[in-house]
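Asker: Mind folding the following:
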Amino acid sequence: MKRVTRHLSVWQFTWLLMGMFACLPIANAQKSAEQHKAVFELLQQAQQAARNTDYAGVFSYTERGTMRSSRIIHVVDGTGERERLEVLDGSPREFIRHNETQLCLIPEKNLVLVDTARTDRFPSLFLGNTDAIIDHYELFLTDGDTTRVAGRECQMVHVQPRTDDRYGYKFCVDTETKLLIKAQTVSDEDVVDEIAFTMLQTGENVVSEGLDPSWDTSDWKKMKISTRDINVMESGWRIQPPPGFSFTKQLARPMKSGDAVKHVVLSDGLATISVFIEAFDAANQIRSLQKGVMRNGAINVYGTRIGDHWLTAVGIIPAPTLQGLAEQTQYVEPQNGQQ
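Answerer: As a prediction, this is how the structure comes out:
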């Protein structure tokens, strides 16, 4: 009897160990899910800080050894968000934003372009529906992974893609204001591009006088960029987004030729793809030369002919993802003749 009892105790101990190890994946999964949620909430705070915080500074965008700098001031007052972005390199440009309306000032042409402001411009980071982010990216922090950017302490956030059809990211979130102050797009360990503040002030140090444009534009020509909402499915287009991507915008933009270019924006919340569809001019040989993948800095571009149309897919995502989207796109002539 004692021997049986002793054997039962061994088996009980074995089953206990097996039970403990069996619980580990569940515990780790729960821990991982909790960490994902916490990191995602931190990124949401960074998104809100970009809209709700008064800040001013200079940031630089770097890709493939080229650097461009811009000066920004952002103030929230009784009328909402007001912002001025000044391009410091190359041709002078300024962008004056009031809530969702943006003015682009072009001094060499004495021209003001009126357009709808982008919602994902740095230091914002999200675009469209963010529900797919956790499904397609692994979000995590590492112990002690803090650094300093523009003299401010920030927490590094790692965003690793679960598949190779998109890039990863490294974000640095200011520990005091939760403002995003540095963002890197990464492919494996290689940095594809980087945008970061080099000088930054926040709160009471920001004065609204800096919102005034550099030029008197009272006698400049103003041109509203005309767009209209469309539905590409109704006009015969079958665009299959990559997994996790969804449509955020579908617009038609008129061109000087009189033809309209269809502009479709797809996003998974972080990565963005723009698809442009226009009439193909058989006399334009440049189009044929542009077929396939090209690279413009950190941006991949894929162009192809589909019937009597030319499709161009653009995005800071791997070239095979663009190629797959373009090659799977189909055009079916609608019965009502709508295009």
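Asker: Can you get me the start-to-end distance on stretch 173-186?
Answerer: Using Cα to Cα, to the nearest Å, the end-to-end distance of stretch 173-186 comes out at 17 Å.
Asker: Buried residues, that stretch. List them.
Answerer: Applying a neighbour-count criterion of 16 or more other Cβ atoms under 10 Å, one finds Val173, Asp174, Thr177, Lys178, Leu179, Leu180, Ile181, Lys182, Ala183, Gln184, Thr185, Val186 buried in stretch 173-186. Quick note: C-beta positions are derived from backbone N, CA and C, even for glycine.
Asker: can you list contacts of it?
Answerer: Identification of contacts with stretch 173-186 by Cβ atoms under 8 Å, 6 or more residues apart in numbering yields 42-43, 45-50, 53, 55, 122-125, 146, 149-150, 152-155, 157, 167-172, 191-197, 200, 202-203, 298, 316.
Asker: Which residue ranges make up the domains of the chain?
Answerer: Per automatic domain parsing, the structural domains of the chain span 38-221, 226-331.
Asker: quick one: average confidence on the shortest one?
Answerer: On average, the pLDDT along domain 226-331 is 88.
Asker: Break down the stretch 51-200 of the chain into its helices, ranges please.
Answerer: Using DSSP state H, counting those that start in this stretch, the helices found in the stretch 51-200 of the chain span residues 133-136.
Asker: Can you pull out the low-pLDDT segments for it?
Answerer: Judged by pLDDT under 70, the stretch 51-200 of the chain has no weakly predicted residues.
Asker: what do you get if the cut-off is 80, keeping everything else the same?
Answerer: Low-confidence regions of the stretch 51-200 of the chain, defined here as pLDDT under 80, cover residues 143-144.
Asker: Buried only: go through the contacts of stretch 173-186 for me.
Answerer: Judged by 16+ other Cβ under 10 Å, buried ones among the contacts of stretch 173-186: 42-43, 45-47, 49-50, 53, 55, 122-125, 149-150, 152, 154-155, 157, 167-172, 192-197, 200, 202, 298, 316.
Asker: Just the ones of those in strands?
Answerer: 55, 149, 152, 154-155, 157, 168-172, 192-197, 200, 202 (DSSP state E).
Asker: if we can go back for a sec, with distance to Ser32 as added columns, please give the domains of the chain in JSON lines.
Answerer: Compiled in JSON lines, the domains of the chain are given as follows (distance: least, Cβ to Cβ, whole Å):
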{"stretch": "domain 38-221", "distance to Ser32": "8"}
{"stretch": "domain 226-331", "distance to Ser32": "18"}
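Asker: Any idea what Leu200 is bridged to?
Answerer: Here Leu200 shows beta-bridge partners Gly57, assigned using DSSP bridges.
Asker: so it touches Tyr55, yeah?
Answerer: Yes. Under the criterion of Cβ atoms under 8 Å, Leu200 is in contact with Tyr55, at a separation of 6.5 Å.
Asker: any idea how far Leu139 lies from Ala326?
Answerer: From Leu139 across to Ala326, the span is 29 Å (Cβ to Cβ, to the nearest Å).
Asker: cool, Thr202 as well?
Answerer: In terms of Cβ to Cβ, Thr202 sits 42 Å off from Ala326.
Asker: swap in Thr146?
Answerer: Here the distance between Thr146 and Ala326 works out to 41 Å (Cβ to Cβ).
Asker: repeat for Glu278
Answerer: Per Cβ to Cβ, Glu278 is found 14 Å from Ala326.
Asker: same check, this time on Arg305
Answerer: Arg305 sits 10 Å away from Ala326, going by Cβ to Cβ.
Asker: got any residues that touch both of these two?
Answerer: With the criterion set as Cβ under 8 Å, 6+ apart, the overlap between the contacts of Arg305 and Ala326 is Leu311.
Asker: Which one's more surrounded, the two?
Answerer: Neighbour comparison, Arg305 and Ala326: the larger count goes to Ala326, with 20 against 14 (by other Cβ atoms under 10 Å).
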